[in-house]
Each structure stands twice: as C-alpha cells, then as structure tokens.
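J.: build me a model:
(chains A and B)
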Amino acid sequence: MTVVVFTRSTPDTAAKVEVNAQGVVSWGEAATVVNPWDEYALEEAIVQAKGGAGKAVVVAIGADMHNDALKHSLAMGLDEAARVDDSALDATDSLSYAVAAAAAVIKVGGVDLVIFGKESIDVGTDAHIVGTARKLGWTMLSYVSRITAIDYAARTITVERMLEEGKQTITSALPVVISVLKDINEPRYPSFIGIRKASKAAIPTWTLADLGVPAPTARTRIAAYKNLPVRDTRFESIDGTPEQQAVKLVDRLIEEKVL
Amino acid sequence: MSGVIVWIETHDGAAIAASWEALAAGRMLADSYSVPLAALVIGGGSSATTEAGRYGADEVITADDATVSAYRLEPYAALLTALVKGRGARVVVAAATARGRELLAASAADTDNPLLADVLSMTVSADGVIQAERAAYAGKVLSDTVVIGGETQFVTVRSRAFAAPELKADSSASGSTFAPVLPEDQIASKVISFDAETGTVNLNDAAIIVSGGRGMANNPANPPADATDAAAWKAQEGFRSILQPLADALGGAVGASRAAVDAGYIPYAHQVGQTGKTVAPDLYIACGISGAIQHQAGMRTSRIIVAINKDGDAPIFKMARYGLVGDLYQIVPAITAEIRKRQGK
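T.: Sure, this is the predicted structure:
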C-alpha cells in the first residue's frame, strides 16, 4: 500500500513579494521553501508509511521550481518523488490541478491515503485539494488535527477535524484524501544523509499524456496580481502610567469607532 | 429558474453569522443578473429558515432527513450538486468557513464549474463575468481572478469581507423543499461525535481580537509548587485571568502567536498567523507579541492594531496604529478596568 502526499515550493516566509506594473508577481532573489502547511503533510506521510502504509510518494504539480520542495521532501525521508509538468496545464486553476493530481494518484497505484497540507499559501486556497478527492471519487476529510485510528486491513480511518465551533470526530472507509493542520505532528528536519541522497535523486517528470488524461479546461484565470493597498502608517506612542495609558488608549479607540 | 443560491451554514440549529454576509454577496450578484435569490438551509429545526427571508432571500429552500442532520461533505455535496443542476443555478455562494470552502469546492469539481474561493470583493462585468479580489502569497499581495465559462459559478466569501444585510421584521420569501439525494448506504463517512468549544468567540467572526505571545510568560504571579513548567503555568494563567477578561469586556475573541502555541501556553485553535488562522478584525490588540512575519501573515489586514510590549523595538510596533511600551500585566488589567468603567460596570 502506498501513501501519496502533494507539495509545492512557495516563497520563503521572509520574502518580500511584489507586483510590477504588468501585474506580475515576483519575490526577487529570495529562496523558496516547502509550502508551510505541507511540512505537516510530509511528516504524516512518513509516519503513515512506516506505520503500515508501505511507501510514501511525494508529487508536485507545476514548473521546475517545485523540484526544490520535492528534494526537501526526499531529504525528510519520503521514498519517491515525481513532478507533473505540462504546458497545457494552469496549476493555479483548482479544477485543472485536481484533474492532474487525481490522475497522478492513479498512476502511482495502490494508494489508500492521499495527504495535503491545509492549503497552499501562494494560491491561498484548498479548493484543489477537495477537487482532487472528488475527481478520484474518494472521501475528503479536511482540517485533520489528529488521525485517531487507521486500519489498512479493515480499510477504515478515524480522524479529528478542527472546525470553527469545535472538534468533529469522523470515521470513513478508505481510500480517503485528508488535509492536515499544524498540530497533527512535529515535522522532522532533513538529515545530513537525507540531504545528500536527495541532491543526487533524479526526479521523473510526468506529462498529462503520461498520466493518460486530456488537458483540463481551466475555469478560472488570474488576470493580474496587485500590491496591497498602502497601509495607514500613522503611529502614536501612548505613554504614562498604566492607568494613564489605558485612559488615553480607550479615548483613541472610541474616536476610531472601534469601541 | 436560474437564480443565485446561498448556502446558509448552521450550527446547533442557528445560522452562523458569516452566512448572512454570504447572503449579502448573493444579493449583489442576484441584482446584477436580475435573478431571484434563494437561501438553502440543510438539516432541520433551524431558526435560519425564517431568518433567511428576513435577511432578504426571495426563496428559502429547506432540505432535511437523517443523512444530512449532522454536516458531512458527501451527502451535502451530492444534494447541492443535484439542486444546482436541476435548477441550472447561475451562482452558488457560501461563507468561506471550513465547511463552506469544501462544500462548494466539491460541487464545483463535480460539475466542472469555476470556483472563486475566499473572496474579499467582487465585481460583475457588463457581459456578466465575475471578477474577484482574493489574497495570494500568504496575504502579501492580492489577485484579480476571473471565471472562464461554466454554467454555474461557485463563490465562497471570507468572513467579515461583506456586511450582513439588515434584518427586517418580516419575510416575504416563498418556501420550498428539496430532498437529499444520497442514501446512507452510499455514504462512506460517519460522524462519531462533535465536541463544541463552548463560550468562546469564533476568531474569524470576531470584530475585536486580543492576542497574546511569548511575553505572556512574564506573569508576576507565582506558580503553585506542583507546576511542572513555571513559564507555561504563568502564561496560561495570564491568558485566563488577564487576556480573556479584556476580550470578554470587549465582546471579542482571544488569539495567540505561534510562539505561545508552540510553548503550550494556549491551544492551537487560537493561533493567528501563517500556519494558523487569518483574521481581519476592526481592532487587534497584540500583547507580548513581537510580530514575526509569519504572525503578520494572519493579521496584517486588521483595521486598527494596538501593540503592547515591553520591547519598544519589537517589529509589531511598525504595524501598529497605537503602541504602548510597558508591562502587559499592568497595562492590560488597566485597560479592562477603564473599559468596564466606561460601560458603567
């Protein structure tokens, strides 16, 4: 049995992301990192593979910048990596991503568990994750904070999901797609040996033809990126004794109409 | 009848606040297309059914049986997809909550239609194409995303991005019912339990958030002799006895930085930031939070930011409208007392 985990490279947390006059986004010379939510997905894939799933395969969809995330994944201990890259695919469109991701899971074969991090910070959504589950026809369990039980023989999984009002415990038949939150685990750091092995790894590239699916029709398009509206940079330091500070602050907040 | 359908998300028999914001977004779209606005309430016994009409829906569709009494994606998505296809709905809108996001993403994928997720604002072009403003790259920039074709457009709107409509005294909405389509034996998942977090205000809906960071450990109170981690006890006690009362006085929610969560000061559900929640309250009071970039990712669009920190050089002051340098354990109780005084309590 095999677990598949999806990841991608996103600009480093400290990177200054800017948009030029043509609406194109860039982050200069800043490095990319594994999409922050994916660290937990990658760790969970390693844990599940060791705990009975068998092998853990990491897949990225998109241009070769995503090889960095795949190499990081291999260095953490994922068994195999592959990247789906096809000029006919707009991976920022969640439907297109889902079609390719579902086909990649089928190509890997024998998969009972697919893991994603909660969302991708670049596209700012998790729609492609839910879409992947639907295109596979598998149960989607999103916002998983804990896998309480998984039985590969009986083909069942029980998880805790963190929803706005509390915790839902839900059980499902396998196969499933799950998206995981930060408190599911503590991601490991890549080992020195892992980094050396990953640096030498040849990562196969799959086209849509390799996956046996026609190019999906994108249903959304990013017309342009924009910089954030300029923030009000006024700053007022409120000094005095704690009591004086409190009085002045409450006055200001009433003037600002937030109280 | 190709109208706009808004899913009114309910919890414990009542609509969540963000659903009415979604209804406002749906009203804008329905008026743009000159089509009726329907509210969909799934699962029974809900006050949302009567309220939906008072908030301005032209029709309220209810769908209820044992398969949809507790929220599960599979029966809900099958129901929504059948309804959308049957009516040839023009747009489906929901609040971008955990449930709303996945429900509309599932139905959009099932029908190969466009989805605009977590929308901040929208416009409809003269030829009827929806363009949405969304956050991208951890909220560092925005994107204008347009839909391409599709019979039905799916839209989820971020909490607090749209103002809820006015609640009128009466409703003139018509009512209809729609039967769930997926029988229990075709549903792979079963809900075992739901543990509600009682008494707390939802961070995403909160107009005011009081957040604590690493500085919460500077509590002057002495931990009991049996406390295994003195710093954690001090911080936990501070969240409980200093921050929560201020949040309560303001009718707000308690948030936290990643550092506070990782140190075990407060549960992860309260984390604001890149690997926590993204919030945009009117007022964000950061107490003992340095303001790391990954924290900023979750709160940078807050309207007024107040920073309380003993280190006047902390990066949080660069984002703040008002800065109070000093000991939060003295300043926060003074603010709470001052607010109570003004409220006449």
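J.: now do the buried residues in stretch A:129-141.
T.: For stretch A:129-141, a neighbour-count test (16 or more other C-beta atoms under 10 Å in any protein chain shown) marks A:129, A:130, A:131, A:132, A:133, A:134, A:135, A:136, A:138, A:139, A:140, A:141 as buried. C-beta: built from backbone N, CA, C; applies to glycine.
J.: hmm, the third one is touching residue A:93, no?
T.: No - contact status for residue A:131 versus residue A:93: not in contact, 9.7 Å apart, counting by C-beta atoms under 8 Å.
J.: and the buried residues of stretch A:129-141 near chain B, which?
T.: A:129, A:130, A:131, A:133, A:134, A:135, A:139, A:140, A:141 (C-beta under 8 Å from any C-beta of the partner chain).
J.: hang on, the earlier thing: can you put the buried residues of stretch A:129-141 in TSV and add pLDDT?
T.: Output for the buried residues of stretch A:129-141, formatted as TSV (pLDDT from 0 to 100):
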residue	pLDDT
A:129	98
A:130	98
A:131	98
A:132	98
A:133	98
A:134	98
A:135	98
A:136	98
A:138	98
A:139	98
A:140	98
A:141	98
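J.: can I assume residue B:61 sits in a strand?
T.: Yes - under DSSP: H, G, I helix; E, B strand; the rest coil, residue B:61 sits within a strand.
J.: need the contact list for it.
T.: B:5, B:38, B:39, B:40, B:41, B:83, B:175, B:176, B:177, B:178 (C-beta atoms under 8 Å, 6 or more residues apart in numbering or on different chains).
J.: related to what we said a few turns ago, just the closest of the buried residues of stretch A:129-141 to residue B:147, please.
T.: residue A:131 (15.1 Å; C-beta to C-beta).
J.: excluding chain neighbours, what is closest to the closest one?
T.: Excluding the flanking residues, the one nearest residue A:131 by C-beta to C-beta, 6 or more residues apart in numbering or on different chains is residue A:98, at 2.9 Å.
J.: residue ranges with poor pLDDT in the chain?
T.: If you meant another chain, say so; for now it's chain A. Residues of chain A that meet the criterion pLDDT under 70 lie in A:53.
J.: wait, I meant chain B there
T.: Applying pLDDT under 70 to chain B picks out residues B:1, B:45, B:198-199.
J.: can you count the residues close to residue A:204?
T.: 11 (other C-beta atoms under 10 Å in any protein chain shown).
J.: residues contacting it?
T.: A:82, A:83.
J.: ok, it to chain B distance?
T.: If you measure residue A:204 against chain B using C-beta to the nearest C-beta, to the nearest Å, the figure is 27 Å.
J.: residue A:241: how many residues sit nearby?
T.: 12.
J.: pretty sure residue B:98 contacts residue A:166?
T.: No - with contact defined as C-beta under 8 Å, residue B:98 does not count as touching residue A:166 (11.0 Å).
J.: so for those two, which sits in the more crowded spot?
T.: residue B:98 (21 against 16).
J.: show me the contacts for that one.
T.: Per C-beta under 8 Å, 6+ apart, neighbours of residue B:98: A:142, A:143, A:161, A:162, A:163, A:164.
J.: three-state assignment of the third one?
T.: Following three-state DSSP, the label given to residue A:161 is strand.
J.: so it makes contact with residue A:148?
T.: No - look at residue A:161 against residue A:148 with C-beta under 8 Å: they stay out of range, at 10.9 Å.
J.: which residues of the stretch 151-300 of chain B fall in strands?
T.: Ranges of strands in the stretch 151-300 of chain B, per DSSP state E, counting those that start in this stretch, are B:153-157, B:174-177, B:189-196, B:208-212, B:253-256, B:283-287.
J.: no wait, the stretch 101-250 of chain A
T.: A:111-117, A:139-151, A:156-163, A:166-173, A:176-180, A:205-206, A:220-227, A:236-237.
J.: give me the contact list for the first one.
T.: By C-beta under 8 Å, 6+ apart, the surrounding residues in contact with strand A:111-117 are A:1-7, A:35-41, A:44-45, A:48, A:53, A:105, A:126, A:129, A:132-133, A:136, A:138, A:150, A:152, A:155, A:157, A:174-180.
J.: of these, grab the buried ones for PyMOL.
T.: Those of these that count as buried under 16+ other C-beta under 10 Å are selected in PyMOL with:
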select buried, chain A and resi 1+2+3+4+5+6+7+35+36+37+38+39+40+41+44+45+48+53+105+126+129+132+133+136+138+150+152+157+174+175+176+177+178+179+180
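J.: so the residue lying closest to residue A:76 once chain neighbours are set aside versus residue B:218, what's the distance?
T.: Using C-beta to C-beta, 6+ apart and skipping the chain neighbours, the partner closest in space to residue A:76 is residue A:190 (5.1 Å). Distance of residue A:190 to residue B:218, given as C-beta to C-beta, to the nearest Å: 35 Å.
J.: tell me which of the two has more neighbours.
T.: residue A:190 (18 against 15).
J.: OK, contacts around the more buried one?
T.: Per C-beta under 8 Å, 6+ apart, neighbours of residue A:190: A:72, A:75, A:76, A:77, A:198.
J.: farthest-apart pair in those, please.
T.: A:72 and A:77 (10.8 Å).
J.: compare these two (neighbour count), which wins?
T.: residue A:72 (24 against 20).
J.: which strands or helices does the strand or helix carrying that one pack on?
T.: Secondary structure assigned from DSSP states H and E places residue A:72 in helix A:67-76. With contacts taken as 3 or more C-beta pairs under 8 Å, 6 or more residues apart in numbering or on different chains; DSSP states H and E, helix A:67-76 sits against strand A:9-11, strand A:32-34, helix A:38-48, strand A:55-61, strand A:80-84, helix A:192-200.
J.: can you tell if the first one touches chain B?
T.: Yes - Strand A:9-11 comes into contact with chain B when judged by C-beta under 8 Å from any C-beta, the residues involved being A:10, A:11.
J.: which strands and helices lie in contact with the very next helix or strand once past that strand?
T.: Sequence order places strand A:18-19 as the next helix or strand after strand A:9-11, per DSSP H and E. In this structure, strand A:18-19 packs against strand A:25-26, strand A:220-227, with contacts taken as 3+ C-beta pairs under 8 Å, 6+ apart.
J.: can I get these in JSON lines with mean neighbour count and distance to chain B?
T.: Shown next, in JSON lines, are the helices and strands packed on strand A:18-19 (neighbours: other C-beta atoms under 10 Å in any protein chain shown; distance: least, C-beta to the nearest C-beta, whole Å):
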{"stretch": "strand A:25-26", "mean neighbour count": "17", "distance to chain B": "6"}
{"stretch": "strand A:220-227", "mean neighbour count": "17", "distance to chain B": "4"}
